[in-house]
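Engineer: Quick one: sequence plus predicted model below, questions after.
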There are 6 protein chains.
Amino acid sequence: MPRTSLPDGALQDDALQDGLLAAGTTTLSSQLLKRGLRNVFIAGLGAASPQRVRMAGPAYTLRFVPAREDLAVSGSVARPDNPQRFAVENIPPGHVLVIDAGGRPGCGTLGGILVERLFQRGAAGVVVDGALRDAEELAQAKLPLFSRGFAAPPSYGGLIPVETQGAIDCGGVAVFPGDIVVTDHDGAIVIPEHLAGEVARDALEQERVERFAKQRVARGFPITGLYPLGEAMREAYQQWVARGEQE
Amino acid sequence: MPRTSLPDGALQDDALQDGLLAAGTTTLSSQLLKRGLRNVFIAGLGAASPQRVRMAGPAYTLRFVPAREDLAVSGSVARPDNPQRFAVENIPPGHVLVIDAGGRPGCGTLGGILVERLFQRGAAGVVVDGALRDAEELAQAKLPLFSRGFAAPPSYGGLIPVETQGAIDCGGVAVFPGDIVVTDHDGAIVIPEHLAGEVARDALEQERVERFAKQRVARGFPITGLYPLGEAMREAYQQWVARGEQE
Amino acid sequence: MPRTSLPDGALQDDALQDGLLAAGTTTLSSQLLKRGLRNVFIAGLGAASPQRVRMAGPAYTLRFVPAREDLAVSGSVARPDNPQRFAVENIPPGHVLVIDAGGRPGCGTLGGILVERLFQRGAAGVVVDGALRDAEELAQAKLPLFSRGFAAPPSYGGLIPVETQGAIDCGGVAVFPGDIVVTDHDGAIVIPEHLAGEVARDALEQERVERFAKQRVARGFPITGLYPLGEAMREAYQQWVARGEQE
Amino acid sequence: MPRTSLPDGALQDDALQDGLLAAGTTTLSSQLLKRGLRNVFIAGLGAASPQRVRMAGPAYTLRFVPAREDLAVSGSVARPDNPQRFAVENIPPGHVLVIDAGGRPGCGTLGGILVERLFQRGAAGVVVDGALRDAEELAQAKLPLFSRGFAAPPSYGGLIPVETQGAIDCGGVAVFPGDIVVTDHDGAIVIPEHLAGEVARDALEQERVERFAKQRVARGFPITGLYPLGEAMREAYQQWVARGEQE
Amino acid sequence: MPRTSLPDGALQDDALQDGLLAAGTTTLSSQLLKRGLRNVFIAGLGAASPQRVRMAGPAYTLRFVPAREDLAVSGSVARPDNPQRFAVENIPPGHVLVIDAGGRPGCGTLGGILVERLFQRGAAGVVVDGALRDAEELAQAKLPLFSRGFAAPPSYGGLIPVETQGAIDCGGVAVFPGDIVVTDHDGAIVIPEHLAGEVARDALEQERVERFAKQRVARGFPITGLYPLGEAMREAYQQWVARGEQE
Amino acid sequence: MPRTSLPDGALQDDALQDGLLAAGTTTLSSQLLKRGLRNVFIAGLGAASPQRVRMAGPAYTLRFVPAREDLAVSGSVARPDNPQRFAVENIPPGHVLVIDAGGRPGCGTLGGILVERLFQRGAAGVVVDGALRDAEELAQAKLPLFSRGFAAPPSYGGLIPVETQGAIDCGGVAVFPGDIVVTDHDGAIVIPEHLAGEVARDALEQERVERFAKQRVARGFPITGLYPLGEAMREAYQQWVARGEQE
């Protein structure tokens, strides 16, 4: 994905993005927990494609409310100011489209055509606490898509899009526009924008400590004093780091 | 409730309000169903006080998202631009405060002091798809309060208020500012603003037909042809109306 | 309720009905459990009226499926072969109308007029794993009504009646036509028809043993050996029985 | 599957079946929604085998109720009139066995032997709002199987079969015998029998319009005016059709 | 309740108990939230009797697991080492019996006889994340009983008691033996033992501030600066305190 | 896995383990059902790796309760007496770690390092009614892992470990230390220790009967009289056995 023309707010710092992806959601969530943030993981999502699961980028939000029969009709999606269509045409490159669909399983918030358009526009991916549609096609999508699964009916079968770029509830987690969303095989987490840098930095160090522990455990050591790293083992760890992470 | 100084959008027409209340939520929802609206009833709510259950007024909306520990703190409610506090101080007289709390049962979205303030400001009542607090005090409140029950913790124990007067999801039903909310012992329904007049009118006629059916059933008649009223009984009904609703 | 003209299958034996009501659902369910029946209590129901909670009678069943918009319309209830209307006009006196509504909370399976008609026809009461409508009116109904609460929309707002007198799933409990339904303040249980006699008999004896235990506990005795009644206390119990249940 | 000897009611018209499968559940559900049918998708099902997901055929229904310990025993399945066994031996070729299991996850409604028998008898596939058993074996089954997953216990561990060919509730969707069931990677939808022809026809045209949109979006066009197709682009579309769907 | 012979661990300090009860669960939970404790309220419970809702005392815990048919039988409750019976006979005076029943609604964890025995033994009350039985009798019980409602079957119909005085999960809240449980009309909260004193003290002061706010709001003042109390109003508050809480 | 040095209680008898694995959870649960045990299957679990699904071994239990913010902190896992860490370092070889996590989906009860340590220590596998973390790594784990999916946050993000080797509730099923846990593609079942031998034996015979039925069904026979095996076919079955399971 070209990162030369990112708008304000995107992860312009490639090192930050690389760091977040390298750390991964498990270690990042541990770091957030150390800072008192216990409600940052969106549980119960899955990736539409096993080949596309990792992403990190600022949230661009879209919010739906339940359908009312006189408003949620086929024609409503033709208007450019329809928030769903507006979001797809206005999300900045590098951003993650995060959708509040109230967890509803019965209709697809996006399908193949809109996902293709998101890819064309340089979006980083999609996270929705609801369903997607066109499952077979999306298994081949070129960007990560996290959802609660698939549903054949279109979005207006059960939902009305009402707003972009407001604060939303995505699967029980507050998401504000610009929060950093990171996904991998464990799922999706949300990092307050101002914490992304320090959390990434500390997470990378934590990852290194855990690699040390992992190597020792694989050689038969007990976890006591090793994971989490106790004082008695800290010197051994530092020597291992000095040796280039080798025993 | 004084109705002389209502702002634009309130139910200035006393006859309309009286009609909606006289018809009641069962008949109004039948009329909405005839117009194809199947998702207008907010299921699972109860009234805080058995003495205060009936109200009709335009919706003034407030939306919460789940709490994040760094934002949902005691001090956050001191700011006048806190949307919860803003709503309480800015809801127009005669309006119903309708709150999207995501159905969360673990914290109270409003308590005794804010409800008293709503009363002082002339609000018609409250409908929330979440909990209230100060149950004992609210049982004596002077305005109808519909919720999913009670919870002791304050709102910032689990929620952050993010917006007033946006479209919301209240218990699975879309509510737009200005929609007419009607409550009684059966619960709470939401009527699109532009339909309120015709729905109230037709509901009152339907109520009369059902009083006729009820009287006959109470005298031992079968329901066939009577409820719903068939052609064969229409003349008897009209005579009954002409007699002043007496057999 | 006149019991002189009961059809076959109703609880013609007044003593049996009296015994079931005297034993109550707690003791009856203990007796059913002794016979290996663990799934006979319909959890989560409440009585529409605090004055009308006790009933015992054979089940007459009605089954709904979810609504489809082209079938679930106002006119559908005008036909005498509509199963909901058929059930109301054909339930035999003394029977309990047991309704499978799939636990759906959003529409009322019966309202004031149909309940009045059920009363006129001598029905013993209603048990529904769904909602009723006309809450205020039903609080004054003359027969027990157990449901999951109230909803304003009519049944065809969410359901289609499809069958009477089939086997049904009422709140997770199998109910066959003719099974004996008993309700009281603890809720509703379902007794296989052929067990009703022996279960009532044994429950009455169990009730007496528990009265003995209750009296002793109220005087400060520990429960050990008393509840359940151990061998060492059996003679004291029998003397208490011989004394006319007095210490 | 031989289609020469289909009974009345099966999809005798190969073109219809081909059309339904080519259109797929997403486009078919859009067409049903245009006709006002919002509740036709059974959410939350998955295919037992990734190789077998597409089918279209008339529903043959089977209904279970929750088990009662004295009835739900091993021996009960030996009787030819057991509805589960009756269904397997009597479903006509080309039909889809649609099972109402109340969404219960704890027992398997069918296992390897019955599924093999269904295949032998020419059934088109199975849709159940409950579990199947023999997961490893069913991953190799020769017909599509949609369920909520797998459970080891046999059906009588939690369910009693009570009826074939009645109206059922399958995962919140009404299914009548003869309704047309279509499945693919997005899941399972139910089409009222009399609408199948027109829905298939219009869905195929809609599919073509969407192919046009997809091609353009893949070349970088915005979706506005293209998806859904606006008047301004209709001529371009028709030329594309005339060119044999090529730009 | 006589408080002269309390064992170690009970609320021997009447002032503390009085303070906790005077503060109430809403203010206590605000104070716990200020200390970072967000998960102390057990949502969804109700009082068996409207006359008995207030209590404060140390937790005595009892834990159930789901029934297995060979163990959960009538005879199992006759043994004095049955944990349910042991709990009833061994809970110290002034303690609250807090029961982990996994939220199961289908059987009653305690009934009239055991509750009477708890009263005789001086227990402060009962909190259970499951059901009770003997609803009519318990409405007259002499101690507060909080539960998710009522169910007729006995405990061994669905549960096996396995432990007393271990840490438990009561409705999603951790409860350790000795934690202080407080209930009132808003429900039940759990206070870590070592915080009870300071939380009660600060809650009483918070209550006084809120009485001041309430009086002013009732006279028409806006909430801004008043609730929560801002600096500008602090002097007025202190004068009000000095005047004996009178304007 | 070396089975020469198993501690008391492990499946020292290789034949028993082989028998349980050969029979599989479907047939074992049928055998348990014949003995009246209806609640032995833990529904809704999945295997972390498609390559590692089969195991059989005695349960070693670990129990969590919901987190309280002052106790569930990073440092708490450093103590050797932390029950989670104690379990990992003390589970005997050949045992299955069965975890009660209350079904909570939002945090991982174990991750890659602890699972590696469990492997090193010879554990048979893991069954948890909650989430795991480090999904990508665990897909390559060398022992079977059954869970409700994955969550990035560490266990102390939502849970506190409180006990090892107590009776637990794992997904609605009672598990006592030493109960035999068997898993395969259908999921996980729990066999009371004393029944393991007879259940395995009878299950193997049942498996053979079903192979016979399967062969016949695959050749076009109806299931009637064959599955379950009727008297009329028993001789054919015995001849088939005598022929070495060949037609």
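Structural biologist: Sure, I can see it. Numbering: from 1, shown residues only, chains lettered A, B, ... in the order given.
Engineer: The one helix or strand A:Q238 maps to close to chain F?
Structural biologist: Assigned by DSSP states H and E, A:Q238 falls within helix A:231-242. No. For a cut-off given as C-beta under 8 Å from any C-beta of the partner chain, helix A:231-242 has no contacts with chain F; the smallest distance is 10.1 Å. Where C-beta positions appear, they are placed from N, C-alpha and C, glycine not excepted.
Engineer: how far is that helix from where the chain is centred?
Structural biologist: 34 Å (C-alpha atoms, centre = their mean, to the nearest Å).
Engineer: how about the CA coordinates for it, as CSV?
Structural biologist: The C-alpha trace of helix A:231-242 is given here as CSV (Å, rounded to 0.1, in the frame of the first residue of the first chain):
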residue,chain,number,x,y,z
GLU,A,231,14.8,-10.4,39.0
ALA,A,232,16.9,-13.5,39.3
MET,A,233,16.7,-14.1,35.6
ARG,A,234,17.1,-10.6,34.4
GLU,A,235,20.8,-10.8,33.9
ALA,A,236,20.5,-14.0,31.9
TYR,A,237,18.0,-12.3,29.8
GLN,A,238,20.3,-9.3,29.2
GLN,A,239,23.1,-11.5,28.2
TRP,A,240,20.8,-13.3,25.8
VAL,A,241,19.9,-10.0,24.3
ALA,A,242,23.6,-9.1,24.1
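Engineer: Might you name the residue of chain A sitting closest to chain E?
Structural biologist: A:G36 (7.5 Å; C-beta to the nearest C-beta).
Engineer: ok, that residue - contacts?
Structural biologist: B:E69, B:D70, E:G36 (C-beta atoms under 8 Å, 6 or more residues apart in numbering or on different chains).
Engineer: just the residues you listed now: which is nearest chain C?
Structural biologist: Using C-beta to the nearest C-beta, B:E69 is the member of the contacts of A:G36 that lies nearest chain C, at 33.1 Å.
Engineer: so that closest one, which of the three states?
Structural biologist: Here B:E69 takes the coil state, with states given by DSSP: H, G, I helix; E, B strand; the rest coil.
Engineer: Excluding chain neighbours, what is closest to A:E137?
Structural biologist: Counting by C-beta to C-beta, 6 or more residues apart in numbering or on different chains, A:E137 lies nearest to A:G112, which is 4.0 Å off, once chain neighbours are set aside.
Engineer: whoops, A:D186 was the one
Structural biologist: Closest to A:D186 by C-beta to C-beta, 6+ apart is F:A152, at 4.1 Å.
Engineer: A helix includes that neighbour, no?
Structural biologist: No. Assessed with three-state DSSP, F:A152 is coil; it does not lie in a helix.
Engineer: so how far is chain B from it?
Structural biologist: F:A152 is 16 Å from chain B, where distance means C-beta to the nearest C-beta, to the nearest Å.
Engineer: A:K34 too?
Structural biologist: Distance, A:K34 to chain B, by C-beta to the nearest C-beta: 12 Å.
Engineer: swap in A:G57?
Structural biologist: Going from A:G57 to chain B by C-beta to the nearest C-beta gives 19 Å.
Engineer: A:A56 too?
Structural biologist: In terms of C-beta to the nearest C-beta, A:A56 sits 19 Å off from chain B.
Engineer: which residues does that residue contact?
Structural biologist: Applying C-beta under 8 Å, 6+ apart, the residues contacting A:A56 are A:L11, A:Q17, A:L20, A:L21, A:A124, A:I180, A:V181, A:V182, A:T183.
Engineer: where's A:N82 relative to D:A236, distance?
Structural biologist: In this view, A:N82 and D:A236 are 22 Å apart by C-beta to C-beta, to the nearest Å.
Engineer: So between these two, which is more surrounded?
Structural biologist: More crowded of A:N82 and D:A236, by other C-beta atoms under 10 Å in any protein chain shown: A:N82, with 18 against 14.
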